[in-house]
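Enquirer: Have a look at this prediction, sequence included:
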Amino acid sequence: MKFHKEGIPSLLLVILFSALLIGLAFGLAPENMLGSVLKILAVAASVFLTAVILQFFRDPQRAWVKAEGSIIAPADGRVVVIEEVFEPEYFKDKRLQVSIFMSPLNVHINRYPISGLVKYVKYHPGLYLVAYHPKSSTENERSSIVVEHANGKAILFRQIAGALARRIVYYAKEQDKAEQSTQFGFIKFGSRVDLYLPLGTKVNVKLEDRVKGGITAIAEL
């Protein structure tokens, strides 16, 4: 299990805070029962915060799936939307939307669902509604990325910030060559990823299914 590079600033901040907290507890707490309790609480809080950061920014090693005929889940999480919608930003037509909600307990690394050429990348500032809110797709802070497969079919996938997620990180640039199941970004502290697929795409998952990023084939090209 590796630690993701996006978590280094948060880990350093927690270590600094923990050192300060423990130093104050052991330096200022009285030498009595109350002081002992305060010292224990300071150590426990520091261990808890460090464990939370290590868990959230974990980068597990998996047998990443590369299947040219499949659309692989871009994130760990739960399928919360499968419906036909109008996509107004890039395609400007009807698409099949599949949305994956990531809780704070999920791995938050985002991976390319298909291989191809990155045709479009756009960041949108916005609100911080809870990620499962229907309007989060259009009103929250988000990034939109379009990859066109060698067969000419293109899909749009969108990183969406949530109530806790306050920073979206994406590495994709227009004209990049996307490689299926490799990392294209990270969302910090709870979020969602929407995919917009061509109508008629065969979907392999159903609502409430749990999927793993870079592993689960959620649909077929």
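Expert: Everything's here; your move. Numbers count the residues shown, from 1 in each chain.
Enquirer: remind me which residues of the protein are low pLDDT?
Expert: Filtered on pLDDT under 70, the chain yields the residue ranges 127-138, 163-166, 189-190.
Enquirer: Please give me every residue in contact with the most centrally placed residue in the chain.
Expert: Central residue of the chain (C-alpha atoms, centre = their mean): His108, 3.6 Å from the mean position. Counting by C-beta atoms under 8 Å, 6 or more residues apart in numbering, His108 touches 56-57, 75-76, 102, 186-189, 191. Using the backbone N, CA and C atoms, a C-beta is placed for each residue, glycine as well.
Enquirer: try Ile100
Expert: 73-80, 192-195, 211.
Enquirer: Tell me what it is bridged to.
Expert: Val79, Val193 (DSSP bridges).
Enquirer: Look up how far Val147 lies from it.
Expert: 17 Å (C-beta to C-beta, to the nearest Å).
Enquirer: Tyr120 now?
Expert: 9 Å.
Enquirer: For the lengthiest helix in the chain, list the C-alpha coordinates in CSV.
Expert: Looking across the chain with DSSP state H, the single longest helix is helix 33-56. Only the C-alpha atoms of helix 33-56 are listed here, as CSV (Å, rounded to 0.1, in the frame of the first residue of the first chain):
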residue,chain,number,x,y,z
MET,A,33,-5.4,12.6,37.1
LEU,A,34,-6.8,15.4,34.9
GLY,A,35,-3.3,16.0,33.4
SER,A,36,-2.9,12.3,32.6
VAL,A,37,-6.3,12.2,30.8
LEU,A,38,-5.4,15.3,28.8
LYS,A,39,-2.1,13.7,27.7
ILE,A,40,-3.9,10.5,26.7
LEU,A,41,-6.5,12.5,24.7
ALA,A,42,-3.8,14.5,22.9
VAL,A,43,-2.0,11.3,21.9
ALA,A,44,-5.2,9.6,20.9
ALA,A,45,-6.4,12.6,18.8
SER,A,46,-3.0,12.7,17.0
VAL,A,47,-3.0,9.0,16.2
PHE,A,48,-6.6,9.3,15.0
LEU,A,49,-6.0,12.2,12.7
THR,A,50,-2.8,10.6,11.2
ALA,A,51,-4.7,7.4,10.6
VAL,A,52,-7.5,9.3,8.8
ILE,A,53,-5.0,11.0,6.5
LEU,A,54,-3.1,7.8,5.8
GLN,A,55,-6.4,6.0,5.0
PHE,A,56,-7.9,8.7,2.8
